[in-house]
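Enquirer: coords please:
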Amino acid sequence: MRVALTGPDGDGGSLGEGLRALGVETVGFPLLEVGPAPRSEDLDRARLGTFDLVAFTSPRAVDALGGPGRGAGACIAVGPETADRSRRAGYEVLVEGEGPGAEGLLRALDGRPSSPVRGKRILLPVSDRARPDLADGLRARGAGVEVVVAYAVRPRADAASVVAGLVEESPDAAILASPSAAEALAACSSGRGSRFPPLLAIGLTTAEAMGRLGLPVAGTAGKPTPLGIVTAMKVRGMGDFSKSGFPGARPRRMRRTEAIRRMVRETRLSPEMLVAPMFVVPGEGVREPVPSMPGVDRVSPDLAVEDARVLVGLGVGGLILFGIPGRKDPEGSSAWDPEGPVCTTLRLLRREEADCACWADVCLCEYTDHGHCGVLDEKGAVRNDETLPLLARAAVAYARAGADAVAPSAMMDGQVRAIRTALDHDGLTDTLLVSYAVKYASGFYGPFRDAAGSAPKSGDRKAYQMDPANAREALREAALDEAEGADVLMVKPALAYLDIVRRVKERTDLPVAAYNVSGEYAMVKAAAERGWIDGDRVMLETLTAIRRAGADIIVTYHAAEAARLLGG
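Expert: Just a heads-up that it's a prediction; the model follows:
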């Protein structure tokens, strides 16, 4: 089966690649060429404008406009290829049409429970030959639309010889993806119309244009995808697919044996990228199991050192300490007590010369008698600025005791700058700052609060931890913490927020950590205990997913058991 592609890209880009993967041989007969916008100053002005959304009709429109820059960071896109190009350029794709063209995107918008375009100001970068269908459709749905010509499309100067070659080559079908391609073909069709190969239109708009131009429509693909095109050709009996050797690509070859699977594995886990949380309490010889977290204990500093030896022997990269004090007060003063469980454990670990990175969580929720992450005002609200020096004081205490890294998790505005400044002022310039930059107000924290005794006595933490519905806000929080001096950015929780891990990873050059939190851990343990899942398999699958999403470091209660399996 041989198909001619007539767009500006001779090989058809990702469309041609997809067709070839389905066993279709493609030949390039480009009828069009793409040039710059006739008025580049209009495009420059649009880049600097203030818009709520961008509506992209093609990958070329994305390339012509460029990344979000000062403009809108979100977009709507006509189809999968355009949506993929938009994401790679840094846009958040709110709606992706199934295509083709304007009608597919407008259908997708109408299928949403609430309109993402009503009342919005939308930039629509198009070619100089674009039809007004999308602009009119968006305006009819309550949007304000500014159209800007982003690039020019014109017939190639040698279009006549291209058409002559198409007739002579006589492929099984030729694909026309736009009215512009149909116009270019019709302009060169004198005396050749009856000798054209069967012509397949992508979308009704292209088919209608072909009809007006007198070009025969052998079939119409409802979706601008390789499978949509092949399906339309099969339905219309265009070509002999029995000779195509389908499937031409056989990815299963790469999965045939475990040795091959190991060799080509894209995402790899190793113990040194894992950080194990530890709950430390005052005293000696204390080990108290946490009922909601099987395998996790509250331990005194001496036993914490014993547990750390086991982790080091397994190759686990680090541990993070959470303190549970003997006394609590309104401001959480035990947090910076040099004789408290965290500082005591850190000194013992330094004396031990443990070969792992020792982190200390910096928050006040375990230490305050009200259970909130900062000091409260008379109405019970957390006072942000008054909390900052207390967090800084705790961080300095942990760093003096030997912490390699301090990890502020209180979600106070400015906490990274306050702690970095205090550390540097105290000469602790080598202490890493691991910021819980993106911490959601999640329901997955329940078992942790049991373990640490840190549940709020009144209210909740939604006024300072993030709304689980928000993604763009996560990128802002991460950018702020990076600017304030964070060395590592953390996303918490991990499993329900893999999209956030990926987006933060794509926006920063800093290492990204993700916290596989207590509720995620407890669910795996509970289901495995009942025999509903293979606990070890699901554990490794979960950690692999977090790693695959972009995490360089994974904080997880599975650290020891995962390291045993990975090392075996």
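
Enquirer: C-alpha only now, for contacts and for neighbours.
Expert: Fine.

Enquirer: what comes up buried for stretch 409-417?
Expert: S409, A410, M411, M412, D413, Q415, V416, R417 (16 or more other CA atoms under 10 Å).

Enquirer: pLDDT of the helix or strand hosting T421, averaged?
Expert: Element membership for T421, per DSSP states H and E: helix 415-425. Mean pLDDT, helix 415-425: 96.

Enquirer: Show me what it is packed up against.
Expert: With contacts taken as 3 or more CA pairs under 8 Å, 6 or more residues apart in numbering; DSSP states H and E, helix 415-425 sits against helix 384-401, strand 432-439, helix 472-484.

Enquirer: List of residues touching the longest one?
Expert: It refers to helix 384-401. Residues outside helix 384-401 that contact it (CA atoms under 8 Å, 6 or more residues apart in numbering) are 331, 333, 335-338, 342-344, 346-347, 360, 362-364, 374-375, 405-406, 408, 412-415, 418-419, 422-423, 426, 428, 431.

Enquirer: correct me, but E33 touches V153?
Expert: Yes - assessed by CA atoms under 8 Å, E33 is found in contact with V153 at 5.8 Å.

Enquirer: Same drill for those two, tell me which one is more crowded.
Expert: Neighbours per residue, other CA atoms under 10 Å: of E33 and V153, the larger number sits with V153, 18 against 15.

Enquirer: nearest residue to that one other than its sequence neighbours?
Expert: V34 (4.7 Å; CA to CA, 6 or more residues apart in numbering).

Enquirer: likewise S115?
Expert: Spatially, and ignoring its direct neighbours in sequence, S115 is nearest to L109 (6.7 Å; CA to CA, 6+ apart).

Enquirer: Just list the residues touching that neighbour, thanks.
Expert: Per CA under 8 Å, 6+ apart, neighbours of L109: V95, G97, S115, P116.

Enquirer: Can you tell me the SS state at P30?
Expert: Classification of P30 by DSSP: H, G, I helix; E, B strand; the rest coil places it in coil.

Enquirer: Could you pull out the buried residues of the helix or strand bottoming out on mean pLDDT in the chain?
Expert: One helix or strand of the chain scores below all others by mean pLDDT, DSSP states H and E: helix 13-21, with a mean of 77. Residues L15, G16, L19, R20, A21 are the ones in helix 13-21 that count as buried (16+ other CA under 10 Å).

Enquirer: With just CA atoms, put it into CSV.
Expert: C-alpha atoms of helix 13-21 as CSV (Å, rounded to 0.1, in the frame of the first residue of the first chain):
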residue,chain,number,x,y,z
GLY,A,13,5.9,14.6,9.9
SER,A,14,4.3,12.5,12.7
LEU,A,15,1.4,11.6,10.5
GLY,A,16,3.7,10.0,8.0
GLU,A,17,5.7,8.3,10.7
GLY,A,18,2.4,6.9,12.1
LEU,A,19,1.3,5.6,8.7
ARG,A,20,4.6,3.9,8.1
ALA,A,21,4.3,2.2,11.6
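
Enquirer: tell me what that helix is packed against?
Expert: Applying 3+ CA pairs under 8 Å, 6+ apart, we find helix 13-21 packed against strand 25-28, helix 226-235.

Enquirer: for these, which one sits closest to I202?
Expert: For I202, the closest of the helices and strands packed on helix 13-21 is helix 226-235, at 7.7 Å, according to CA to CA.

Enquirer: mean confidence for the closest one?
Expert: Mean pLDDT, helix 226-235: 81.

Enquirer: other SSEs contacting it?
Expert: helix 13-21, strand 219-221.

Enquirer: Need the contact partners of the following helix or strand past it.
Expert: For helix 226-235, the following helix or strand on the C-terminal side (DSSP H and E) is helix 258-264. Residues outside helix 258-264 that contact it (CA under 8 Å, 6+ apart): M254, R255.

Enquirer: CA atoms only for helix 258-264, dumped as CSV, please.
Expert: The C-alpha coordinates for helix 258-264 follow below in CSV (Å, rounded to 0.1, in the frame of the first residue of the first chain):
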residue,chain,number,x,y,z
GLU,A,258,13.5,-10.7,30.8
ALA,A,259,17.1,-10.1,29.6
ILE,A,260,15.8,-8.0,26.6
ARG,A,261,13.3,-6.2,28.8
ARG,A,262,16.1,-5.3,31.3
MET,A,263,18.4,-4.1,28.5
VAL,A,264,15.9,-1.7,26.9
